[in-house]
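*Asks:* need the 3D shape of this:
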Amino acid sequence: MTLPFGKTALLLGAAALLAPVTASAQNVRDLNSEVSDVLIFEGSVRDEPVVFRYSMAAESSLIVDVIPTGESELDPMVTITDADTGEVLVEDDDGGEGLASRAVVFASEPRSIEITVSAFAFFSGEESAGAFELKLRPGDQTPEPLRAIAFGEQASGTLDGENLQLFSITGSEGELLQVALVADGDDLDPMLTLYSGEGTFGEELASDDDGGEGLNSLLRFVLPADGTYTIATQSYSGTSGGYTLRVGPPRTHTIQPPQQVLGLGKAPSGYIGAGYENGSLDPSTITYQLTEEAIAAIRAGSGEVTINMTAQESEDPFFPSTIDPYIEVGFETPLGYATVLNDDDGGEGLNSRLVVDLGSIASDGDWLERLRITASSIGEGGAFELEITEGGF
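*Replies:* Residues are numbered from 1 along each chain as shown. As a prediction, the model looks like this:
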């Protein structure tokens, strides 16, 4: 019997589907003859970090992923350092998906690196632990050109709303990095960002927009380690114009105790900021109590004293002092601190001054021991000196 053509074609097609399939050689990828550009390693963080070493070619970038595997409770942190110098190039926690870490590093010349996998908060004793997968693969990131700048130097340029201009600076652990980005005119709204390592592949450490005068940027940051850092300049919201970048002179940042002692005729200096509780490098207030020598002198004299809080003028116009001194005088009592007197602008200009007669309480109990003088600022912060002298000057 001869079937119509259409049914014959259908039967032949069905038979072809049921027959064993033999793939042609051109559709099979033979992995035995290939070399992958992705490297995968397994490891486990227990009592100490796990360290790997890898050699990078010149003008190459590397993407490093650390991924917890299976039922691992590890919250991994990856730190990449120069194997020869120990300089931290980049560090990351949670830069990948979930708890996974991801870091990107670029080598302008052949470089040997060490990749350290640790648990987040390892050195605090609250770390997690577990297995992980380390994945290395080439990246296509190319860093923006870097211009070198040092402490106490400045540079200029133009931002057009699109480009990012980078400056590399080398510093030491504990050094205070002060950076001002000042627009040449009213058209530019500049922004500052600080990264660890060379380029923008490292961890973003700090940023600022409008922290200076007007729309200008001002960044203050204490360097956490010796090494190279990158200052990125850019414009905000498509603005454009010329700029000057100024890096302050090198100095070590001193943590100021919020409570200090004050002697007669002494003029300790301080710096008022937004407050430690707000992430600032400096306290919002500093409270002073009299030294034993000052208390004895006041009791032996008339009891009248003058308290002056004076703003310190900045020697660098790029880092102007914006402090408006404000002083309070009060006492520690069983119910807490009680303010009795205060002053703003009682001295010259914005400076504060109080003339206080302590004679009536000098010989009455321990009031002088409980006397407190608090220095702060109305509005912005900055450097100041506080002095207490005998007499009503």
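*Asks:* how about the helices in the stretch 151-300 of the chain?
*Replies:* For the stretch 151-300 of the chain, the helices defined by DSSP state H, counting those that start in this stretch occupy 292-300.
*Asks:* could you find the closest non-adjacent residue to V38?
*Replies:* Spatially, and ignoring its direct neighbours in sequence, V38 is nearest to R137 (4.5 Å; Cβ to Cβ, 6 or more residues apart in numbering). For the C-beta atoms, the positions are set from N, CA and C on the backbone; glycine is no exception.
*Asks:* in three-state terms, label that neighbour for me.
*Replies:* strand (DSSP: H, G, I helix; E, B strand; the rest coil).
*Asks:* surely it is in contact with S36?
*Replies:* No. Using Cβ atoms under 8 Å, R137 is not in contact with S36, being 9.1 Å away.
*Asks:* compare these two (neighbour count), which wins?
*Replies:* R137 (13 against 8; other Cβ atoms under 10 Å).
*Asks:* would you mind naming the residues that bridge with that one?
*Replies:* I63 (DSSP bridges).
*Asks:* check contacts around it.
*Replies:* By Cβ atoms under 8 Å, 6 or more residues apart in numbering, R137 lies in contact with D37, V38, L39, L62, I63, D65.
*Asks:* and the pLDDT at it?
*Replies:* On pLDDT, R137 comes in at 95.
*Asks:* go on, G13?
*Replies:* For G13, pLDDT reads 46.
*Asks:* so which bits of stretch 176-190 are buried?
*Replies:* L176, L177, Q178, V179, A180, L181, V182, A183, L188, D189, P190 (16 or more other Cβ atoms under 10 Å).
*Asks:* cool, stretch 80-92 as well?
*Replies:* For stretch 80-92, the buried set under the neighbour-count rule, 16+ other Cβ under 10 Å, comprises I80, T81, D82, A83, E87, V88, L89, V90, E91, D92.
*Asks:* likewise stretch 37-44?
*Replies:* Neighbour-count burial for stretch 37-44, counted by 16+ other Cβ under 10 Å, picks out G43.
*Asks:* dump the C-alpha coordinates for it into CSV.
*Replies:* Provided in CSV are the C-alpha atoms of stretch 37-44 (Å, rounded to 0.1, in the frame of the first residue of the first chain):
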residue,chain,number,x,y,z
ASP,A,37,41.5,30.9,31.8
VAL,A,38,39.4,30.4,35.0
LEU,A,39,41.2,28.8,37.9
ILE,A,40,39.2,27.3,40.8
PHE,A,41,40.6,26.1,44.1
GLU,A,42,39.0,24.8,47.3
GLY,A,43,40.0,25.7,50.8
SER,A,44,38.8,26.0,54.4
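*Asks:* contacts for that stretch next, please.
*Replies:* 50, 52, 69, 117, 129-138.
*Asks:* give me the buried entries from these.
*Replies:* V50, F52, V117, G130, A131, F132, E133, L134, K135, L136.
*Asks:* residues in contact with L89?
*Replies:* I80, T81, D82, V105, I113, S196, G197, E198, G202 are the contacts of L89 under Cβ under 8 Å, 6+ apart.
*Asks:* these: which two are farthest apart?
*Replies:* I113 and S196 (14.4 Å; Cβ to Cβ).
*Asks:* now the closest residue to N278 other than its chain neighbours: how far from Y276?
*Replies:* Spatial nearest neighbour of N278, excluding adjacent residues (Cβ to Cβ, 6+ apart): S284 at 7.6 Å. With distances taken as Cβ to Cβ, to the nearest Å, S284 is found 8 Å from Y276.
*Asks:* same thing with D210?
*Replies:* Taken as Cβ to Cβ, the span from D210 to Y276 is 22 Å.
*Asks:* now swap in S172 and tell me
*Replies:* Taking Cβ to Cβ, one finds S172 at 23 Å from Y276.
*Asks:* next one: F393, what pLDDT does it get?
*Replies:* For F393, pLDDT reads 66.
*Asks:* that should have said G359, apologies.
*Replies:* We have a pLDDT of 91 for G359.
*Asks:* surely it and R299 touch.
*Replies:* No. Between G359 and R299 there is no contact under Cβ under 8 Å: 9.1 Å.
*Asks:* show me how this protein divides into domains.
*Replies:* Annotated domains of the chain cover 38-139, 146-247, 259-390 [automatic domain parsing].
*Asks:* now those as TSV including distance to N27?
*Replies:* Below are these laid out as TSV (distance: least, Cβ to Cβ, whole Å):
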stretch	distance to N27
domain 38-139	23
domain 146-247	39
domain 259-390	59
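*Asks:* mind listing what the residue nearest to A107 when sequence neighbours are not counted touches?
*Replies:* Distances taken as Cβ to Cβ, 6+ apart put M56 closest to A107, at 4.0 Å, once the chain neighbours are dropped. Counting by Cβ under 8 Å, 6+ apart, M56 touches L62, V105, A107, P110, R111, S112, I113.
*Asks:* now flag whichever of the residues you listed is closest to R370.
*Replies:* Ranked by distance to R370 (Cβ to Cβ), these are led by V105 at 57.3 Å.
*Asks:* quick check: buried residues in stretch 301-316?
*Replies:* G303, E304, V305, T306, I307, N308, M309, T310, A311.
*Asks:* which one of those residues is nearest to L335?
*Replies:* Out of the buried residues of stretch 301-316, the member with the shortest distance to L335 (by Cβ to Cβ) is I307, at 24.1 Å.
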